[in-house]
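1. after the sequence you'll find the predicted model.
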Amino acid sequence: MNSFKERIFSGAQPTGNLHLGNYLGALKRWVELQDSHDCIYCVVDMHALTILPDPVELLNSTREITAAYLAAGLDPKKSIVFNQSRVRQHSELAWVFNCIARIGWMNRMTQFKDKAGKDRDNASLGLLAYPSLMAADILLYRATHVPVGDDQKQHLELTRDIAQKFNNDYSDRIRSLGVGVEMAVGDETVSGYFPITEPMISGPAMRIMSLRDGTKKMSKSDPSDLSRINLIDDAETITKKIRKAKTDADAIPSEIDGLKGRAEADNLVGVFAALSGQQKEQVLRDFGGKQFSEFKAALADLAVAQLSPITQEMRRLIADPAYIDSVLRDGGARASVIAEENMNNVRNIVGFLQD
Ligand code: TYM
């Protein structure tokens, strides 16, 4: 049985600065995967349009996020790095998926519910259809693996549902055109055009929480800048934010069980573990019994040592927009080749008349 070629796809929205959650939950792992996999990393500017209507901010943010990708270690020679809107097939496939996905599936998305708030009728259609475009991003390249933070899990489940329904609805056509890949689904062998993508969500940093409230996710949209560490923050700011991070009065526990019910402590230990490439157990072995003041000082040193070189390189790159644009242009051209080959097959599968 043929199988899909392993391919990684992931992306981040250019809506303001990337923060430590984006870095540990996504970017740091993307960099690691470059050596072992064929990787495509996208700055998803079309997604950002659902919440960022200011054109100048969107342009600047697209370059800044690209600078963060490169500064963190994405190598545009090894991986494809591009901005989504440059490859028109993303919107074309998203339309086909809009006709596959059901409104009920979209209405159930927690991110849509959170962002749309109480006045759902007034939310944009783009916000509702967002996960369909996300599925298109991934499946346009027939990506098999998607490294993301925990908050994207539901969107990836939906991507799998869309792939499955497409494969199913068009199974005869896929078979007769000979463009499918045989896959085992339960006891049956089906011929599918799209892989059933595997999310890659693991490790101690899949859900980094706000530094001010351990029950809330660290987020670009939190009004308090003290709640997050931005990749663009200087060493002094990082140290100050960690010093001010909310904690409780107890010492650091020695065992994982001792973190139960202590969301802030758990979060800081997770950040330490992810930055140092250890498991939380190891961090607790080293710091168990110590006070937070000591632990925070060590964490600040570690965060500064890891993030400062990235911050400096980001600043250098932001000052060279022509270089950034050339990376995105080149990445876009390479992505387009794969995108067009797949989209051409999809047009044939669904019955769009072509030359
Ligand atoms: P975005 O831009 O919100 O976030 C980018 C990546 O950062 C992860 N992340 C976190 N991880 C751990 N802790 C946190 N506090 C935290 N906050 C964010 C996210 O899980 C994500 O991996 N819908 C996506 C962008 C997207 C995409 C795609 C991703 C569009 N198309 C296709 C993968 C594949 C989003 O809004 O990510």
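-> Good, I have the coordinates. This structure is a prediction, so every number in the text was calculated from the model and none was measured.

2. contacts only, for residue 181.
-> By C-beta atoms under 8 Å, 6 or more residues apart in numbering, the contact set of residue 181 is 2-4, 191-193, 195. To be clear about C-beta, it is placed using only N, CA and C from the backbone, and glycine gets the same treatment.

3. most widely separated two among these?
-> The most widely separated members of the contacts of residue 181, counting by C-beta to C-beta, are 3 and 193 (13.6 Å).

4. domain ranges for this structure, per the record?
-> Following automatic domain parsing, one finds the domains of the chain at 7-201+321-350, 207-317.

5. okay if I get these as TSV plus mean pLDDT?
-> Shown next, in TSV, are these (pLDDT from 0 to 100):
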stretch	mean pLDDT
domain 7-201+321-350	95
domain 207-317	96
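
6. of those, which is nearest the ligand?
-> Comparing these by their distance to the ligand (C-beta to the nearest ligand atom), the top pick is domain 7-201+321-350, with 2.1 Å.

7. rewinding a little: so which of the contacts of residue 181 belong to strands?
-> Under the assignment DSSP state E, those contribute 191-192 to strands.

8. returning to what we had before: which one's more surrounded, residue 3 and residue 193?
-> Neighbours per residue (other C-beta atoms under 10 Å) separate residue 3 from residue 193, with residue 193 holding more: 21 against 11.

9. ok, now which ones touch that one?
-> Applying C-beta under 8 Å, 6+ apart to residue 193 gives the contacts 142, 166-167, 170, 174, 179-181, 345-346, 349.

10. among those, who's most crowded?
-> Among the contacts of residue 193, residue 166 has the most neighbours (other C-beta under 10 Å), with 25 neighbours.

11. could you tell me how far it is located from residue 345?
-> 12 Å (C-beta to C-beta, to the nearest Å).

12. same check on residue 351?
-> To residue 345, residue 351 is 12 Å away according to C-beta to C-beta.

13. between the two, what contacts are shared?
-> Counting by C-beta under 8 Å, 6+ apart, residue 351 and residue 345 have no common neighbour.

14. near the ligand, which residues of the protein are found?
-> With C-beta under 6 Å from any ligand atom as the criterion, the chain meets the ligand at residues 9-13, 21-22, 25-26, 44, 47, 134, 137-138, 146, 148-149, 151-152, 155, 205-208, 217-218.

15. filter those down to the ones in strands?
-> Among the residues of the chain next to the ligand, the subset assigned to strands under DSSP E consists of 9-12, 146.

16. for stretch 41-61, buried residues please.
-> By 16 or more other C-beta atoms under 10 Å, the buried positions in stretch 41-61 come out as 41-52, 58, 61.

17. buried stuff in stretch 244-262?
-> Buried residues in stretch 244-262, counted by 16+ other C-beta under 10 Å: 245-247, 251-253, 258-259, 262.

18. buried only: go through the residues of the chain next to the ligand for me.
-> If we count by 16+ other C-beta under 10 Å, the residues of the chain next to the ligand have these buried: 9-13, 21-22, 25-26, 44, 47, 134, 137-138, 146, 148-149, 151-152, 155, 205-208, 217-218.

19. show me these that map onto helices.
-> Taking DSSP state H, the ones among those that sit in helices are 21-22, 47, 134, 137-138, 155.

20. which one of those is nearest to residue 337?
-> Of all those, residue 337 sits closest to residue 137, with 16.2 Å by C-beta to C-beta.

21. so what's that closest one up against?
-> Contacts of residue 137 (C-beta under 8 Å, 6+ apart): 9, 11, 42, 44, 84, 90.

22. quick one, phi/psi of the closest residue to residue 117 other than its chain neighbours?
-> Counting by C-beta to C-beta, 6 or more residues apart in numbering, residue 123 is the residue found nearest to residue 117 once chain neighbours are left out, at 7.8 Å. Note on residue 123: backbone dihedrals following degrees, to the nearest 10 are phi -70, psi 150.

23. and residue 123, how many neighbours?
-> Residue 123: 15 neighbours (other C-beta under 10 Å).

24. verify the contact between it and residue 114 for me.
-> No: in terms of C-beta atoms under 8 Å, residue 123 does not count as a neighbour of residue 114; the distance is 10.9 Å.

25. next, the nearest residue to residue 303 once chain neighbours are set aside: secondary structure please.
-> Leaving aside its chain neighbours, residue 303 sits nearest to residue 238 (5.3 Å; criterion: C-beta to C-beta, 6+ apart). At residue 238 the chain is in helix, as set by DSSP: H, G, I helix; E, B strand; the rest coil.
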